[in-house]
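A.B. asks: model this:
(chains A, B, C and D)
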2 protein chains.
Amino acid sequence: MSIDALQGDQRLPLYQRLADVLRQEIIRGERRPGDRLPSENVLARDYGIAPGTTRKALAELVHDGILERLQGRGTFVRRPSFDRSLFRFFRLRTKAGNDIIPDSQIRSRSIRRMPSEVAQKLQQPAGCDGIRMIRIRMLEDVALLHEEIWLPLAPFTAFLELGIDEVGPLLYPIYDTQCGQIVARADELLTVEQAKGQPARLLHIGAGAPLVCIERLACGLDGMPIEWRRSRGAAEHFQYQIEIR
Amino acid sequence: MSIDALQGDQRLPLYQRLADVLRQEIIRGERRPGDRLPSENVLARDYGIAPGTTRKALAELVHDGILERLQGRGTFVRRPSFDRSLFRFFRLRTKAGNDIIPDSQIRSRSIRRMPSEVAQKLQQPAGCDGIRMIRIRMLEDVALLHEEIWLPLAPFTAFLELGIDEVGPLLYPIYDTQCGQIVARADELLTVEQAKGQPARLLHIGAGAPLVCIERLACGLDGMPIEWRRSRGAAEHFQYQIEIR
DNA sequence: CTTATCTAGTTCTATATAGAACCTAAGGAG
DNA sequence: CTCCTTAGGTTCTATATAGAACTAGATAAG
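C.D. replies: All right, here's what the predicted structure looks like:
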């Protein structure tokens, strides 16, 4: 931590280089969510730059959603509360309960050869094995969502140790605590298809009825894919809400 | 423009008050998209504050997407290129042409009593009149999208002066230039329903086939609703893509 | 033990200043 | 006329500094 711990592309501005260094430390897991960072004055002294410059670096990371600053308390690595956001956009149409996270039931979990499409999305070599789960999400004993979930083997062997009953309705906190994988963002692709096969059967839906299908690729802080899943539910039960700017 | 032109909630920080003043000037239309703002030094002199403080105010407005700063050139009111973003999320599944804006054909335009649901969304008094359009969007002579569009009468009388053939595929630029209404953001609600009635007929779709239905409320810089529309298209042709963070 | 006060540490606001990097337009050289 | 240089204006980076606002913990008073 001397004056020139800020190498990386000497032509980039100082605050940018400091932001990159801190971002990398967080991505590599050297600073975990909830950790407190050194104060802006300490950072300035350690790296031999002006306090205002560290402020600018920290502000950038706050803007990226990686850090959180609390006046009088300090600067902290942000804890991404993410599992809830699925239902921020994709919610049940029943107006009764808002933002209810349905119960979930894992129907199967096994190691299988990945379909080439999934392997590609997860950036794994073609034909390698992965973890596959089938999960049903239900509300008041009515099956609403059929999910097929794929995980790469390498970081998730610890996940296989857990009993299938110990897994609650939220997967991402488990990925974090058990496997050190933090989901920071995701891409979703929504389409409509006709019910058939296993999903139709498990959802008790007649073949040919419209299904909403959401494919999601969840990625970590470094942008690398962590999990791929495909969720299907009867179209009549769902709505998708979003704000554009 | 003296030292204390920055009234508004005296306890708020200076940069916040300056940002509010500039934001209001833009909302009120005193500064139009594309206009150039005074330089940060001039602003500082005019309002009697330090240049660094004006920088912070301008940075906030840049972050909000209202301003745009170009090194060496100046600070400009951002031109919201918005019509394109419909198809950034909601795109045709044909992989051939990316980001093609389909041709459009306005089938009808008239003044009608607003349905109570629409009036409520547009924050108009119940039972008042509005402008209603039916538009078909097509690609290579195939009808893809059926749109029902509602506008409040008051700001859009100038829009009625235009010949129905003069209206191109992009409405929002016309709202801007002809009626002074700038669309800055929108909320969309996506559901799936079964085809019936006029939409089914105009789209040449059999009754009962699944339709994707997107209801959109477009709002101005001040957050007030400007336009409400409902777009429907055959479910098999569309996909909706989004990034969550 | 409870409550109030003080203190050290933190972020936030605001000022002042200097030079670098970049753009535009005007003027001069060929 | 064309191309190059120059000058002035702009944003961007970086430094330095002072006090306000807020928090948490230690200390003192009751």
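A.B. asks: so A:Ile182 touches A:Cys219, yeah?
C.D. replies: No: in this structure, A:Ile182 is not within contact of A:Cys219 by CB atoms under 8 Å, at 10.0 Å. Using the backbone N, CA and C atoms, a C-beta is placed for each residue, glycine as well.
A.B. asks: I figured A:Leu37 was touching A:Leu70, is that so?
C.D. replies: No: judged on CB under 8 Å, A:Leu37 makes no contact with A:Leu70 at a distance of 11.6 Å.
A.B. asks: Can you tell me, leaving aside adjacent residues, what's nearest to A:Met138?
C.D. replies: A:Asp103 (5.3 Å; CB to CB, 6 or more residues apart in numbering or on different chains).
A.B. asks: still on that earlier bit, more crowded one of A:Leu37 and A:Leu70?
C.D. replies: For A:Leu37 versus A:Leu70, neighbours defined as other CB atoms under 10 Å in any protein chain shown are more numerous around A:Leu37 (20 against 9).
A.B. asks: Can you tell me who the more buried one pairs with across the strands?
C.D. replies: Going by DSSP bridges, A:Leu37 is paired in beta bridges with A:Thr75.
A.B. asks: if we can go back for a sec, overlap in contacts of A:Leu37 and A:Leu70?
C.D. replies: Residues touching both A:Leu37 and A:Leu70 (CB atoms under 8 Å, 6 or more residues apart in numbering or on different chains) are A:Phe76.
A.B. asks: partner strands of the strand or helix carrying A:Ile106, parallel or antiparallel?
C.D. replies: Using DSSP states H and E, A:Ile106 sits in strand A:103-113. Neighbouring strands of strand A:103-113 in its sheet, by DSSP bridges, are strand A:129-139 (antiparallel).
A.B. asks: List the strands paired with the next helix or strand after the partner strand, with their directions.
C.D. replies: Of the helices and strands lying after strand A:129-139 in sequence (DSSP H and E), the nearest is strand A:142-152. Note on strand A:142-152: by DSSP bridges, its sheet partners are strand A:129-139 (antiparallel), strand A:225-234 (antiparallel).
A.B. asks: most packed of these?
C.D. replies: strand A:225-234 (a mean of 21; mean count of other CB atoms under 10 Å in any protein chain shown).
A.B. asks: ok now do the closest residue to A:Ile244 other than its chain neighbours, which residues does it touch?
C.D. replies: Take A:Ile244 and drop its neighbours on the chain: the residue closest to it by CB to CB, 6+ apart is B:Ala186, 4.8 Å away. For B:Ala186, the contact set (CB under 8 Å, 6+ apart) comprises A:Glu243, A:Ile244, A:Arg245, B:Phe82, B:Arg216, B:Leu217, B:Ala218, B:Cys219.
A.B. asks: For the last one, give me phi and psi.
C.D. replies: The phi and psi torsions at B:Cys219 (degrees, to the nearest 10) take the values phi -120, psi 160.
A.B. asks: what's it in contact with, if anything?
C.D. replies: With contact set as CB under 8 Å, 6+ apart, B:Cys219 has these partners: B:Val183, B:Ala184, B:Arg185, B:Ala186, B:Asp187, B:Pro225, B:Ile226.
A.B. asks: Report pLDDT for it.
C.D. replies: The confidence metric pLDDT takes the value 94 at B:Cys219.
A.B. asks: separation between it and DNA strand C?
C.D. replies: Using CB to the nearest atom of the strand, to the nearest Å, B:Cys219 is found at 27 Å from DNA strand C.
A.B. asks: and what of the second one?
C.D. replies: A:Ile244 sits 28 Å away from DNA strand C, taking CB to the nearest atom of the strand as the criterion.
A.B. asks: Just give me the neighbour total for that residue.
C.D. replies: Around A:Ile244 there are 18 residues (other CB under 10 Å).
A.B. asks: same question, the first one
C.D. replies: With neighbours defined by other CB under 10 Å, the count for A:Glu243 comes to 11.
A.B. asks: Is A:Ala59 located within a helix, as I assumed?
C.D. replies: Yes: the assignment for A:Ala59 is a helix, going by DSSP: H, G, I helix; E, B strand; the rest coil.
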